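Participant: Requesting a structural model of the entry that follows:
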Amino acid sequence: MKGIRSKHDAFFKAMMKDPQVSQDFFKTRLPQEIQNLVDLSTLRIEPASYIDKKLNHSESDMLFSVKRNHSDENAFLFLLCEHQSCSDQLMPFRLLYYMMQILRHHVTIAHKEKPLPLPLVYPMVVYNGDTAWSHERCFSKLFGTLSPLAEKIFIDPFPLRDVGSLNEENLSKAYLSNLMLISLKRAKHLELSKKCRLLQGLFLNCKIGPDSDMVYSVIEYILANVNSNEEEVDRLWGILKEGFLPE
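Facilitator: The predicted structure follows:
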C-alpha cells in the first residue's frame, strides 16, 4: 500500500510542479472570492519546512505562496493530497494544525520583525480514496454536542480580563481570586499602600489565617517587588497584619 501511495504522491507532485498545471488547477478549483484576492501568475512552491514533518502527512502535500492583487503581501494555498482508502475523521484537526504551523513559520522565522498582517492560508484537500468522503469537514463539528460553543470560542474575540482596568470596588469583593489580581495589579495602577490595605480587607473578609499558603504566596510576591528598604517593608507588613484574625 505504501508503494502504491508513493506512486500516487510522486505523480501528483510532479504534475503540480508544472506552473501551467498548478495555475490551471487553482484557477478552476478556487472559490471566486479567493481568486479575486490573488495573482495566480505569481504562484510559487514553498519548501516543506513550513509544515511539521513529525506528523504523518503525505509527501505530496504542497504549499504554494501567491502574491495578493495590488499588494506586496503573500497569501498561501495549502494543498493536501490524500490517497488513503477511506476518509479521515480528524482531517479538520490536521488541516488547522498545518495552517497554524505555516503561520508559525511566518511569525517566528520568515517575517519575525514584522509579522502583521498575517497572510491568508487557504487549505484544500484532494481526496483519492476507494469510497466517498464521509466525515465532517468543519473543525468545530469535531466537538460533538459542544460544536456551537466550540465554533463561538474559535471565531469570537478571545475573553480578556485586564487587571489594570479593574477598579477598587470590584477588587474589594470577598473573592479569593482577588488576592491574586490585587497582587498582580501594577504600581502605576495601584500604589503599594493601597494595595496592601485592599489585601488586608480581603484577609479579614475571607477569614484567611496567617498560616495559609495563599497568604505566604501573596506576601512573598508583594515584598519581592519592594525596594530593600527595611522601614518600607515593616510598614507594609504592618498593614497586612491588620487583616488577620486575632487568633
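Participant: measure the most centrally placed residue in the chain to Leu149 for me?
Facilitator: Centroid-nearest residue in the chain: Met100, 8.2 Å away (criterion: CA atoms, centre = their mean). From Met100 across to Leu149, the span is 21 Å (CB to CB, to the nearest Å). For the C-beta atoms, the positions are set from N, CA and C on the backbone; glycine is no exception.
Participant: Enumerate the positions of stretch 72-85 that are buried.
Facilitator: Applying a neighbour-count criterion of 16 or more other CB atoms under 10 Å, one finds 74-83 buried in stretch 72-85.
Participant: And stretch 105-117, by the same measure?
Facilitator: 105-106.
Participant: Which residues are in contact with the closest residue in space to Leu120 that isn't next to it in sequence?
Facilitator: Sequence neighbours aside, Ala75 is the residue nearest to Leu120 in space, at 4.3 Å (criterion: CB to CB, 6 or more residues apart in numbering). Contact analysis of Ala75 by CB atoms under 8 Å, 6 or more residues apart in numbering lists 37-38, 65-68, 119-122.
Participant: same thing but 7 Å
Facilitator: 37-38, 66, 68, 119-120, 122 (CB atoms under 7 Å, 6 or more residues apart in numbering).
Participant: Am I right that Thr131 is in contact with Gln84?
Facilitator: No - with contact defined as CB atoms under 7 Å, Thr131 does not reach Gln84; the gap is 10.3 Å.
Participant: Give me the buried stretch members for the lowest-mean-pLDDT helix or strand in the chain, please.
Facilitator: Every helix and strand in the chain was compared by mean pLDDT, DSSP states H and E; the lowest is helix 2-16, with a mean of 80. Across helix 2-16, burial judged by 16+ other CB under 10 Å covers 5, 8-9, 12-13, 16.
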